[in-house]
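S.K.: attaching a predicted model along with its sequence, questions to come.
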Amino acid sequence: KGQGWMIPALVQYQGFWYPPISVFKGVLLMQNHFTSRPNDIFMASFLKSGTTWLKAILFATMKRDEYEFATHPLLTTGPHDCFPYLDSYICQSDVEALPSPRLFATHSAYSILPKSITDSDCKIVYISRNPKDVFVSQYLFARKMRPQMLPPLIMEEAFELFCRGVSEYGPFFDHVLGYWKASLEFPEKILFLKFEELKKEPAKHIKKLAEFLGKPFLKEEETDGVIDQIVKLCSFDNLTSLEVNKTGTSNFIPEMVVYNTNFFRKGEVGDSKNHLTPEMIAQLDQITEEKLKGTGFTFGESTNIE
Ligand code: A3P
């Protein structure tokens with residue numbers, strides 16, 4: 001057992017840390033009982049890497065024939081309720097009853113995914129984010145989510161744990177590199193995105209995403225500005241202006257009611273420099289350099305990150 005942030009006891013399973021709640025039961029169900037369909041679409045991410053944003057983008061892109069922008073479900077339903085986590089959903093509902101193409105998310109590492117997903121024709125989209133912003137976003141999120149009866153979370157302690165690979169769904173670097181290596185090996189199956197690049201050029205990446213998933217934008221859709229409408233619908237400013245994301249809740253974890261507002265904070269690249277000390281930045285930069293050596297991978301660049 002290891003120490004967690006939101007929930008103090010984490011269980012280590014196949015090299016990764018899990019909160020011992022239903023999500024973990026869902027991982028076992030996913031590994032042992034899930035049968036994928038060739039046209040299933042999975043999105044995978046480490047916590048706080050842009051999951052909520054990419055869920056909205058994938059939902060809006062892949063279901064664009066079903067909805068008008070003026071009455072779009074994302075205007076009244078939180079992204080997490082539009083696009084379920086497989087590991088949670090499988091505990092509560094019948095995944096077989098969902099119509100194709102099914103959209104599922106997971107925070108699980110690549111090596112945890114069942115063969116039914118990795119060895120089939122279904123596609124995976126992964127989103128990565130630089131570790132400094134991930135840590136700060138996760139720490140501030142955990143502070144809000146942590147039950148009141150627990151002592152307050154101290155940033156230095158959380159930071160040391162993160163650096164040692166102990167955090168929900170961590171080790172962080174194993175998570176990112178697992179999907180990175182798999183995306184090099186199976187480029188037709190796994191699309192690897194970076195939060196920072198999506199932020200810089202959302203339209204370009206949404207176009208790439210749609211092509212990768214076999215639903216490219218038609219010429220007339222492009223002329224009609226459909227991509228720009230998706231960018232706008234899913235933008236931080238738009239999503240945070242909606243009542244459902246200001247006051248609404250999501251119910252994807254059975255034992256927790258989660259306020260949607262917790263999934264939106266700043267939505268920027270490089271905000272970690274306003275929270276971390278220079279020593280913390282140097283320490284995490286050094287760990288990053290060591291972990292990435294020889295992998296060919298670099299995190300999304302940011303002009304804002306010093
Ligand atoms: P910050 O805490 O840095 O602001 P996840 O969805 O994986 O939990 O990640 C949450 C992070 O993504 C938060 O980062 C949040 O503000 C940011 N985010 C949420 N929606 C976004 C959007 N539409 N555009 C950009 N960033 C977004």
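M.R.: Alright, I've got the coordinates. Numbers count the residues shown, from 1 in each chain.
S.K.: can you list the residues of the protein near the ligand?
M.R.: 45, 47-53, 133, 137, 234-236, 239, 263-267, 271 (CB under 6 Å from any ligand atom). C-beta here means a position set from N, CA and C on the backbone, and glycine is covered the same way.
S.K.: among the residues you listed, the buried ones, what's the ChimeraX command?
M.R.: With 16 or more other CB atoms under 10 Å as the criterion, this ChimeraX line picks the buried residues out of these:
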select :45,47,48,49,50,51,52,53,133,137,234,235,239,263,265,267,271
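S.K.: if I look at the residue nearest to Val258 when sequence neighbours are not counted, how far off is the ligand?
M.R.: With sequence-adjacent residues excluded and distances taken as CB to CB, 6 or more residues apart in numbering, Val258 is closest to Ser250, at 5.1 Å. Computed as CB to the nearest ligand atom, to the nearest Å, the Ser250 to the ligand distance reads 11 Å.
S.K.: for Leu284, same thing?
M.R.: Taken as CB to the nearest ligand atom, the span from Leu284 to the ligand is 15 Å.
S.K.: so what's that residue up against?
M.R.: The contact partners of Leu284, by CB atoms under 8 Å, 6 or more residues apart in numbering, come to 131-132, 135, 163, 276.
S.K.: again with Ser45
M.R.: 51, 54, 105, 107, 126-128.
S.K.: ok, 7 Å please
M.R.: By CB atoms under 7 Å, 6 or more residues apart in numbering, Ser45 lies in contact with 51, 54, 107, 126-127.
S.K.: point out the least confident member of those, please.
M.R.: Ranked by pLDDT, the contacts of Ser45 bottom out at His107 (95).
S.K.: with adjacent residues omitted, what lies nearest to that one?
M.R.: The spatially closest residue to His107, leaving aside those adjacent along the chain, is Tyr169, at 4.5 Å (CB to CB, 6+ apart).
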